[in-house]
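Q: Next come a sequence and a model predicted from it.
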Amino acid sequence: MTYRLFEGKGHAASYWKYRISPSDHLIQQVFDFLEKHKGRPFELAVDVGCGSGQGTLLLAKHFASVVGTDVSPAQLEVALQHAKEPNITYRQCLAEELPFADSSVDLVTAMSAFHWFDRPLFLQEAHRVLKPHGCLAMLNYTVDMELSYPDCCSCTLNQICKEFYAALQPYRSPHLGVSSIQLYREAYESIPYPDKDWQECVWDRKRMPLSSYMGLVESFSSYQALLRDDPQRATTLSQDICHKLMSEMKATSADTEVVVAVKYFLLLACKPQEA
């Protein structure tokens, strides 16, 4: 069963506001893999665990039809508010019970979502709905993001960030294990397809206000767990980290822009032609 941790309306709104999307360069690797192994036309893409739909939007211009699925009505409500492209629709369903016919989907994606699924069941379901030569793309980023700011020591900034991550570690869901990257690596090894690819370290750098970086970390399940357990402690922790970063940057506003380096990992697999 999919873990249901992101269903509050406030959390869904913060997802849309702060969660990052894969860069054009990263998502292009998915399309290049699909082009190589299946070829055009690209008819139907399904983005599973789509949340508030940032990743779903990236697929729209490449496919005749794109469907984002999620278990959370609140997340889908936010996604619908921002779905301007006429070829995007959304469906509420479990990741392990997709409402699509056998061998009907060109591309199944799961962007920062697979780790919350019943992983073996989802992989079986993805295999069922994919066309022969259809592709599965699963990507995620690690929590250890790195900050940089002009004329400021990145090592010091990132030591402060590590304090933030360390304080949240006890609130990390046990479903994720020690490292979510290991879950994806194990999934890659378990997929029996001959054509597959695993990339463990793809850096993506994004410029954003410091307040957006703070909001991004606050949207993590571990911070949300702390917030539910001890709201005052969560708020104080976030404020203290923000003040420390601003002090080191000699910045007077949390709107000051920083560069956030995010480390992605990527799993690509092509379903073989079946007998």
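A: Sure, I can see it.

Q: Could you pull up the contacting residues of the residue nearest the centre of the chain?
A: The chain has Ser112 as the residue nearest its centroid, 2.4 Å off, counting by CA atoms, centre = their mean. Listed by CB atoms under 8 Å, 6 or more residues apart in numbering, the contact set of Ser112 reads 19, 49, 51, 55, 139-141. Using the backbone N, CA and C atoms, a C-beta is placed for each residue, glycine as well.

Q: Just send these back as TSV, with pLDDT, neighbour count and distance to Pro150 too.
A: Below are those laid out as TSV (pLDDT from 0 to 100; neighbours: other CB atoms under 10 Å; distance: CB to CB, whole Å):
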residue	pLDDT	neighbour count	distance to Pro150
Arg19	72	18	26
Gly49	96	26	37
Gly51	92	26	33
Gly55	93	23	31
Leu139	95	24	30
Asn140	94	20	30
Tyr141	91	21	24
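
Q: Relative to Gln224, which of the residues you listed is nearest.
A: Closest approach to Gln224 among the contacts of Ser112 (CB to CB): Arg19, at 12.6 Å.

Q: returning to that earlier point: let me have the contacts of Ser112 in JSON lines, extended by secondary structure and distance to Lys36.
A: Below are those laid out as JSON lines (DSSP: H, G, I helix; E, B strand; the rest coil; distance: CB to CB, whole Å):
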{"residue": "Arg19", "secondary structure": "coil", "distance to Lys36": "29"}
{"residue": "Gly49", "secondary structure": "coil", "distance to Lys36": "25"}
{"residue": "Gly51", "secondary structure": "coil", "distance to Lys36": "28"}
{"residue": "Gly55", "secondary structure": "helix", "distance to Lys36": "21"}
{"residue": "Leu139", "secondary structure": "strand", "distance to Lys36": "17"}
{"residue": "Asn140", "secondary structure": "strand", "distance to Lys36": "22"}
{"residue": "Tyr141", "secondary structure": "strand", "distance to Lys36": "24"}
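
Q: quick check, nearest of those to Val30?
A: Leu139 (7.8 Å).

Q: can I assume that closest one is in contact with Leu266?
A: Yes: with contacts counted by CB atoms under 8 Å, Leu139 reaches Leu266, the gap being 4.6 Å.

Q: Now do the contacts for the residue nearest to Lys250 when sequence neighbours are not counted.
A: Nearest residue to Lys250, sequence neighbours excluded (CB to CB, 6 or more residues apart in numbering): Cys152, at 7.7 Å. Neighbouring residues of Cys152 by CB under 8 Å, 6+ apart: 248-250.

Q: Tell me, what's the model's pLDDT at Gly8?
A: Model confidence at Gly8, given as pLDDT, is 49.

Q: which element follows the helix or strand harbouring Glu248 toward the C-terminus?
A: If you go by DSSP states H and E, Glu248 is part of helix 231-249. Sequence order places strand 257-270 as the next helix or strand after helix 231-249, per DSSP H and E.

Q: Please point out which parts of that next one sit buried.
A: By 16 or more other CB atoms under 10 Å, the buried positions in strand 257-270 come out as 258, 260, 262-270.

Q: next one: that strand to chain centre, how far?
A: Strand 257-270 sits 9 Å away from the centroid of its parent chain (CA atoms, centre = their mean, to the nearest Å).

Q: Also stretch 259-275?
A: Stretch 259-275 has its C-alpha centroid displaced from the chain centroid by 12 Å (CA atoms, centre = their mean).
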